[in-house]
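Q: 3D model of this:
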Amino acid sequence: MEKLFKLKEHNTDLKTELMAGLTTFMTMAYILAVNPSVLSAAGMDSTAVLLATCLASFIGTACMAFMANLPFALSAGMGLNAYLAYTVCGQMGYPWQVALLAVFVEGVIFIILSVTKVREAIFDCIPLSLKKAVSVGIGLFIAFIGLQNAGLAVDSATLVSLVSFRENFHTAGICALLAVIGVLATAILHVKKVPGSMLIGIFGTWILGMLCQAVGIYTVDAEAGYYSMLPSFSLTDFSALGKTFGQCFNVDFGNVGIFNFVVVTFSFLFVDLFDTLGTLIGVSTKAGMLDEEGKLPGIKPALMADAVATTAGAVLGTSTTTTFVESAAGVGAGGRTGLTALTTAVLFLASMLFAPIFVSIPSFATAPALIVVGFLMFSTVTDIKLDDDNLTSAIPAYLCIIAMPLFYSISEGISIGVISYVVINLICGKKKEINPIMYVLAVLFVLKYIFL
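A: Residues are numbered from 1 along each chain as shown. Modelled structure (predicted):
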């Protein structure tokens, strides 16, 4: 393990890495339930999607471990799966096979871009202030996801508000209350520097939920989406994978058209590119993995691993596989090498055998970890210089930060940050501060808003 992952060089040990990998997996396990549910809306078999998601996650995360030696995990990206199901297959009316082919082509393009260092150049050209801002923005973003998963943040006339604990107390109310308890417990454990605090918080919150169900405080209401918290011990039908495997090559372009297909492919490409870059920037910044120039030494193999995972996932039968922001949970638990990623990868592979058990973990139990990790990433805000001498970089950083949670998109935060950085610095006479590639990115982002 020392030879493979250089644990001592990264100031970590076997136990810490294994615990971090397990923590990352537990915060990502919800994708095993969510992705089949989302993609089934496109007409795909949910069991096949589950198996494809597990395999694609294993392949991508294992590649990250061995190729880049970084503690980042990959799986089917949230947002990208919704785009496939509800926009490409829903609004546009294209078959899911066409959407998977678009994902496959996107992955091949990413492999080419990674080999030619285009993606690496984009990563390196982003100023350090924006990289710090991305870390902060992702912190707020995943904290917001955690609040939603906990049932604490709900729809209202003001777009979002705090849940009413008294209304539907035996379902939504008790779940939200358990999440609050989980957040406080996880925070206290973290302050006291208890190893595996987030993992303990996840299991502790889940166990409390099962106890509430046992004594009747929590009521199962499947029609309303509140299922039993007790784990299921049934096994998965592995033959179902044949329903999606290789189907991306079984496409009839008769009712699609090449131009429309190119637009769909470019949309996947654009969102995935900047979601991945944003995640790598944010998590790497928090983990202290960037060098003095704000570059990530292992960025090229990391991007290649991401591209390979996307391509493999499309063949297996799942939406774009990308680096997950929940990797921050493992980093927060001390993960610093590819051993963390390898642990997560193996758990994804094992979950094929026991997927129903992992799916049984309620979202409110993983929510506390996301909320606390959000704080850990938010703490990077102190590294952004906000004085009068740095306003041309501070204001774009601020816009980048608030855009991510409010627009529910990492890539939107990056695009707004890049555009505002170029415009403000250019007009304020600081052209020397702008990397030439930033001009190209800003123009591309503007064109995206015009045409997509």
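
Q: CA only for contacts and neighbour counts going forward, please
A: OK.

Q: Give the buried residues for the longest helix anywhere in the chain.
A: As assigned by DSSP state H, the longest helix anywhere in the chain is helix 258-287. Across helix 258-287, burial judged by 16 or more other C-alpha atoms under 10 Å covers 261, 264-287.

Q: in this protein, which ranges drop under the pLDDT threshold?
A: In the predicted model, the chain carries pLDDT under 70 at residues 79, 253-256, 286-287, 358-359, 452.

Q: So what does Trp116 have for phi and psi?
A: Small correction: residue 116 is Thr, not Trp. In terms of degrees, to the nearest 10, the main-chain angles of Thr116 are phi -90, psi 10.

Q: With Thr23 instead?
A: phi -60, psi -50.

Q: how much space between it and Pro95?
A: 36 Å (C-alpha to C-alpha, to the nearest Å).

Q: More neighbours: which of the two?
A: Per other C-alpha atoms under 10 Å, whichever of Thr23 and Pro95 has more neighbours is Thr23, with 32 against 20.

Q: helix or strand right after the longest helix of the chain?
A: helix 299-316 (DSSP states H and E).

Q: Direction-wise, compare that following helix with helix 258-287 and give the angle.
A: Counting by axes from the mean of the first three to the mean of the last three C-alpha atoms, to 10 degrees, helix 299-316 lies at 130 degrees to helix 258-287.

Q: any idea how far the residue nearest to Thr244 when sequence neighbours are not counted is from Cys54?
A: Spatially, and ignoring its direct neighbours in sequence, Thr244 is nearest to Gly317 (4.8 Å; C-alpha to C-alpha, 6 or more residues apart in numbering). Shown here: Gly317 relative to Cys54, a distance of 11 Å by C-alpha to C-alpha.

Q: cool, and Pro297?
A: For Pro297 relative to Cys54 (C-alpha to C-alpha), the value is 28 Å.

Q: Now Leu74. Its backbone dihedrals?
A: Dihedral angles (degrees, to the nearest 10) for Leu74: phi -120, psi 150.

Q: give me the number of residues near it?
A: Count around Leu74 with other C-alpha under 10 Å applied: 32.

Q: Bridge partners for it, pull those for me.
A: Thr323 (DSSP bridges).

Q: Distance of Pro71 relative to Cys63?
A: Distance from Pro71 to Cys63, by C-alpha to C-alpha: 11 Å.

Q: higher neighbour count, Gly317 and Cys54?
A: Gly317 (33 against 28).

Q: quick one, what contacts the more buried one?
A: Contact analysis of Gly317 by C-alpha atoms under 8 Å, 6 or more residues apart in numbering lists 48-49, 52-53, 100, 241, 244-248.

Q: let's see 10 Å
A: 39, 44-45, 48-53, 55-56, 96-97, 100-101, 103-104, 241-248 (C-alpha atoms under 10 Å, 6 or more residues apart in numbering).

Q: can you check Asp13 too?
A: Taking C-alpha under 10 Å, 6+ apart as the test, what Asp13 contacts is 1-2, 6-7, 334-337, 339.

Q: Equivalent analysis for Leu162, please.
A: Here Leu162 is in contact with 147-148, 151-156, 176 (criterion: C-alpha under 10 Å, 6+ apart).
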